[in-house]
Every structure is written in C-alpha cells, then in structure tokens.
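Visitor: I'll drop the sequence and a predicted model, then ask my questions.
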Amino acid sequence: MTDTTTLPGAVRSPAPRITGPADLRGLSRGALDELARELRARLVEAVGRTGGHLGSNLGVVELTVALHRVFRSPHDRVVFDTGHQSYVHKMLTGRADGFADLRREGGLSGYPSRAESPHDLVENSHASTALSYADGLARAARLRGEHDRHVVAVVGDGALTGGMAWEALNNLGGLDHPVVVVLNDNGRSYAPTAGAVGRHLATLRAGGGGGVFAAFGLAYLGPVDGHDVARVEEALAAAKALGRPVVVHCVTEKGKGHPPAENDPVDHLHAVSAPSASRGPGWTSVFGRHLLVLADRHPDLVCLTAAMPHPTGLTAFAEAFPDRVLDTGIAEQHTVTCAAGLAMGGLRPVVAVYSTFLTRAADQVLMDVALHRLPVTFVLDRAGVTGEDGPSHHGAWDLALLRGVPGMRVAAPRDGARLRELLDEAVADDGPTAVRFPKGVVGADVAAVDRLGRVDVLHRPSRRDVLLVTVGGLASDGVAAAVALAGEGIGVTVCDPRWVTPVDPAVVALAAEHRVVVCVEDGVRGGGVGEAVAGALREAGLSRRIRVLGLPGDFLPHGSRADILRMHDLDAAGIARTVARFLPGWTS
Ligand SMILES: Cc1ncc(C[n+]2csc(CCOP(=O)(O)OP(=O)(O)O)c2C)c(N)n1
Ligand SMILES: CC(=O)[C@@H](O)[C@H](O)COP(=O)(O)O
Ligand SMILES: [Mg+2]
C-alpha cells in the first residue's frame, strides 16, 4: 500500500486506489490527510460540473472516512439520513470514477442507490427517517442472532428537527441493541437550524453533557471535532464497543475547506446548479415576487416553510415581513397543522413546500385543514418531474393525492401570468387551495383565445376532432402539438382548466363538442386530473373515449426534466403522436 492517496480517475496528485473501505484501514495519518484533501478537491471539481449537494458533502469528509475505518460496511449497516451527503461514502466504496456523470441519466444517483452498491441501503431523500430505519435494522439483527452486526445512522441537525426522528428516539431509548447515531451537527439545514433543537444542540456543543439524548436513555459521546479523523475514529470505536444506542455528537462545518461554500451567507452552497442549467426567471421567483403584492392586499396573510425559506421563494417576503413568516424546521406535519391553527385563529396561511414533501403531511392536509374547511393555501413548488434529484424528489403524486381531499381546489398555472392570477384567486378563497408549478424557468405567457367559465381555451380550430386538456406548464407543448396536427387535418381544441380539480363543468361542455378527449398532466396518470375528467364525463352521461397522458405509476430515475418528459411523450411531439394515434380511423 503506497503511503499516498489516489482516487480512481483522479486528475490530481497520486493517492492510494480507494476501491473500498478496506483500503482505508492501512493508511497513515499523513495519507488520511492527503485523502481528505483529494476527496474535497474531487467534490468541488465534480459537483461544480454536474451540480448537486456541495456544502453538505464537504462537511462530512473526515466523518465518513472515520466511519468506514471503524465499521465494516456492508456487514455493518450504514444509513444516511436524507442521503444528500453520501457522495464521500460513494467515493470510498468504489464509485469515485462515477462522479463525472453524477445525477445524469444513467449516471450515479445523488443519493444512496441499492442498484449501485451493497453499501447503500436507503434511497429515500426525505429527511428524518434514518433513526427509524436504524431501529428496525437493529431489532432485525438481534432477532436474527446477528450479534456482531452494528447499525450506524448518520443524521444531520436539520433532520433532527423532523418529528419522525423523535418517534424513533422514543423507541431507541432503553433499547439494548448496538445502534450508533452519528449526529452530524453543522448548525444548519439550509439556514441555521430553527427552534429548540437548534438551541439545545448549541448547548451540547458548548459541552453541556448528554442533554435530551441522555434523558431518553441513550449514551452520549461528544462533542467531537467532526473534521479530525482520529478524534472521530476514537469516539466511533468507543461507541461501537458500548453495544447499546449511543449518540456521537460530531461538530462539523457545512462547506468545510472550500471558502466559497464556507462563506456563502444563504446556505453554505447546500446545493449548486450545473453551469449548463437553464437561466432565466424561475417559477419560484415569480411566486416570491407576487407574494409581496398579496402581502399588501391581505394583511392577514402569513407564510410557513419547513426549513426551506430560500428554495421556496420566501426570502423577500421574510425580509419585508419577518413576523409573518414561520420556519418550522424540517417538520411538514407540524407545518400543515400549525397552518390550520393559524387559519382557525383568523389568519390566511400560505404553506410553501416542495410537492414531494407534502406527501409526508397527507393526514394533516386531510384531517386538520380540509376537514375544517380552512383557508390554507398550499404552494407546491417542484411539482411534476423535477429531474436530477431522482425518484423520491419528483412531485408526481400531488394531483392524485389532493384530488381526493374533500373541498380542496387545485390550480396548475400554465405560465407566470396565470401563476399570479391563480395565487390571487387561491388566497382569496375561504377554503383550502393548492397551486402547483414545476421546477425551473417559467416559459413565455400562453394567451387564451377564449374563456368558458374559469377555463381558458388556448387553441380552437374549426374542426372539433379532439379536446386536449392540458395541465399547467404543458400547455405550450399542447398548443404546439395542436398546430402540428392541424397540418394533418386533425382539429385539436386545447383548453387549460387553470383550476384542475374538481373538474370544471366547462371542460365537460367542451368534451361534448368533440369526438375524443386527451388529457396531459405532469403527474402520475392514475388518480390525477385525467381520471377526474373521465369521471366527470361519466357522471354527465357523456360517453367519450379519453386518453390520459401522464407519468407512469412507477418511481422514475434521475435525469434531466426535459428528457424524462420526452421519454413519457409529454413534449409537443409526443403529445401530437399520441393524439393522432388515438383518433379513431386515423392513419397518419
Ligand atoms: C421531509 C423533507 N423536507 C425537506 C427536505 C429538503 N432538505 C434536504 S436537505 C435539508 C437540510 C438538511 O439539514 P441537515 O439534516 O442538517 O443536513 P446537512 O445538509 O446540514 O448536512 C432539507 C430541508 C427533505 N429532504 N425532506
Ligand atoms: C436534498 C433535498 O431535498 C434538497 O436539497 C433538494 O435536493 C433541493 O432541490 P432543488 O435543487 O430542486 O432545490
Ligand atoms: Mg445540518
């Protein structure tokens, strides 16, 4: 074993070939320091090209090296909470070469992936789950007589603000199975970690003993300098020997070793975009700007976020109205029911959340907001295919989830003008509403040629062969498809319901004028808008063939949003192909 470190495919100084954790165990202190430098250089270089989670991974370099020197993955189970900080783990488990294609179609996932490695267990990128997995894994090892198998959960301070983490701690306390909780405490989610958890950890960092963890019956080791491999190794080895649940409190810095990240005031470069990412006004910025208009119009309007004020567009609102915004931590269930309380108290809450994270608060939406018919507006960013973040980040289920919520009205704006218009209508509504829009740049406004009730007609040829119902931002592709089909003699009327569920009677009236109906939505086909339209036609006694174009009821891998939409015929060409094939007796 040479006494220097080379990651496979390295373009920098030589280093040992790290093909797996075993290669770490013979390294000297000097070689470990060089390896840490090499890992950081690779993170900055690779993530700078592909985009991804930079700050979080820079903060766990030494912690991950130490972890893989003390524990024997994959025999010992290592779970990363949220998983966005698993790049170093991937580099140390033989995948350093793959970072050229990180988060690209067919390339490395930005989260653990069971298909990539036996070292990877949890693929879900939703926070605060690791301790629950660890509880289950430890009990399974015990029941299976696997007494030499250790379970390690790497949990961020932000993830510890999620309710699930405390449900798990309630079960881990008093357990006599070997569970090592590596608390990666960098004091931040995106922003500094909100609430009592953040404050409590600050006292522990100052040397305040085991605190709540000890009170719950877990052993506590720390605080430990999370950037000192030797110190972390020492603590992990002691924790491993304890044989019962123990928290190793590692104090780290998000973005460590890369000044642009260390000094970034917003979120220490938590996630960075690829240089190739499209530029231009995004949906989020249109929302964030219009929120200021709404704030003046509705003095009772307040905003809530689950630890994501900046990514969800609340920054300007929070600066202008600091006492009208609440960052609950990564606690969507609490966020939603707190919003219900705010509404019961006479205010008008706007809950700004990524579509994919709303599923965590499904019961709260249904039984705390809708049951009481409260005026809460859910603004669902990253709805539909998100792209590079992969299967647990696509906002594919919000339309299907909300369609079944009694009294919930769901809007899907097709462009910036409609986003502003629909936000106005949603916030003015005295019942629960949701406004959903995708990730990325918002396209040019798509003008209507007519409006029937609340439904916009975007294209209306003389022939009435097909009614094409487009949901949200897919409208422009729908119009492009209709124009292309006109050239083949097919008359396609395009309508944008704006309020997509419940189904507007004007959609049924339009369907009655056409031979067939096609519905296009950036969400799962089953149970979404298309199904709602089919049900509305049936209830109206209108027998029309209907084809629903949407996402398959499956977990979609990572890739670019445009590529994934194209793959599922949700671009103009795919829509045109689908419509032409669906028209009875038509052979193009
Ligand atoms: C349920 C849920 N809500 C929100 C997010 C978005 N999110 C991803 S990472 C993150 C911050 C995590 O902070 P922490 O656990 O401290 O990890 P760090 O990035 O600091 O290492 C958030 C809010 C998520 N992944 N899951
Ligand atoms: C891990 C996590 O959930 C977030 O960091 C998410 O990856 C950010 O997504 P955007 O980059 O679309 O804001
Ligand atoms: Mg953190």
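Guide: Nice, I can see it. Ligands and ions are numbered 1, 2, ... in the order given.
Visitor: look up phi and psi at the closest residue to residue 75 other than its chain neighbours.
Guide: Sequence neighbours aside, residue 149 is the residue nearest to residue 75 in space, at 6.2 Å (criterion: C-beta to C-beta, 6 or more residues apart in numbering). Backbone N, C-alpha and C define where each C-beta goes, glycine included. Residue 149 adopts backbone torsions of phi -100, psi 120, taken as degrees, to the nearest 10.
Visitor: residue 149 against residue 73, yeah?
Guide: No. Contact between residue 149 and residue 73 fails when scored by C-beta atoms under 8 Å: they sit 10.8 Å apart.
Visitor: around ligand 2, pick out the residues from this structure.
Guide: 82, 84, 125, 270-271, 311, 382, 386, 389, 439 (C-beta under 6 Å from any ligand atom).
Visitor: just the closest of the residues you listed to residue 248, please.
Guide: Closest approach to residue 248 among the residues of the chain next to ligand 2 (C-beta to C-beta): residue 82, at 18.2 Å.
Visitor: helix, strand or coil for that closest one?
Guide: coil (DSSP: H, G, I helix; E, B strand; the rest coil).
Visitor: and it, what does it touch?
Guide: By C-beta atoms under 8 Å, 6 or more residues apart in numbering, the residues touching residue 82 are 125-128, 130, 156, 159.
Visitor: again with residue 169
Guide: Per C-beta under 8 Å, 6+ apart, neighbours of residue 169: 131, 213, 216, 218.
Visitor: highest neighbour count among these?
Guide: Highest neighbour count within the contacts of residue 169: residue 131, with 27 neighbours (other C-beta atoms under 10 Å).
Visitor: chain neighbours aside, what residue packs nearest to it?
Guide: Nearest to residue 131 is residue 168, by C-beta to C-beta, 6+ apart, at 3.4 Å.
Visitor: neighbours of that neighbour, just the number please.
Guide: Other residues close to residue 168 by other C-beta under 10 Å number 24.
Visitor: helix or strand: which one has it?
Guide: helix 163-172 (DSSP states H and E).
Visitor: give me the buried positions along the helix or strand just after that helix.
Guide: The helix or strand immediately downstream of helix 163-172 is strand 179-185, counting by DSSP H and E. Neighbour-count burial for strand 179-185, counted by 16 or more other C-beta atoms under 10 Å, picks out 179-185.
Visitor: rebuild those as a markdown table, extending it with pLDDT.
Guide: Formatted as a markdown table, these follow (pLDDT from 0 to 100):
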| residue | pLDDT |
| --- | --- |
| 179 | 97 |
| 180 | 98 |
| 181 | 98 |
| 182 | 99 |
| 183 | 98 |
| 184 | 98 |
| 185 | 98 |
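Visitor: returning to what we had before: return the subset of the residues of the chain next to ligand 2 lying in helices.
Guide: For the residues of the chain next to ligand 2, not one is inside helices, with DSSP state H as the criterion.
Visitor: so how far is stretch 239-258 off the chain centroid?
Guide: 25 Å (C-alpha atoms, centre = their mean, to the nearest Å).
Visitor: just give me the neighbour total for the residue in the stretch 351-500 of the chain positioned nearest to ligand 2.
Guide: Ligand 2 sits closest to residue 389 of the stretch 351-500 of the chain, with a gap of 4.7 Å, by C-beta to the nearest ligand atom. By other C-beta under 10 Å, 22 other residues sit near residue 389.
Visitor: what does residue 278 give?
Guide: Around residue 278 there are 11 residues (other C-beta under 10 Å).
Visitor: so what are the domain limits for the protein?
Guide: 21-265, 283-436, 450-582 (automatic domain parsing).
Visitor: which non-adjacent residue is nearest residue 162?
Guide: residue 128 (2.6 Å).
Visitor: now the helices for the stretch 1-150 of the chain?
Guide: Remark: helices assigned in the stretch 1-150 of the chain by DSSP state H, counting those that start in this stretch are 29-50, 55-58, 61-70, 87-90, 130-143.
Visitor: repeat for the stretch 201-350 of the chain
Guide: Ranges of helices within the stretch 201-350 of the chain are 211-215, 229-242, 259-262, 283-297, 315-320, 332-344, based on DSSP H, counting those that start in this stretch.
Visitor: okay if I get those as TSV plus mean pLDDT?
Guide: Formatted as TSV, the helices of the stretch 201-350 of the chain follow (pLDDT from 0 to 100):
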stretch	mean pLDDT
helix 211-215	97
helix 229-242	98
helix 259-262	98
helix 283-297	98
helix 315-320	98
helix 332-344	98
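Visitor: right, I'll leave it there.
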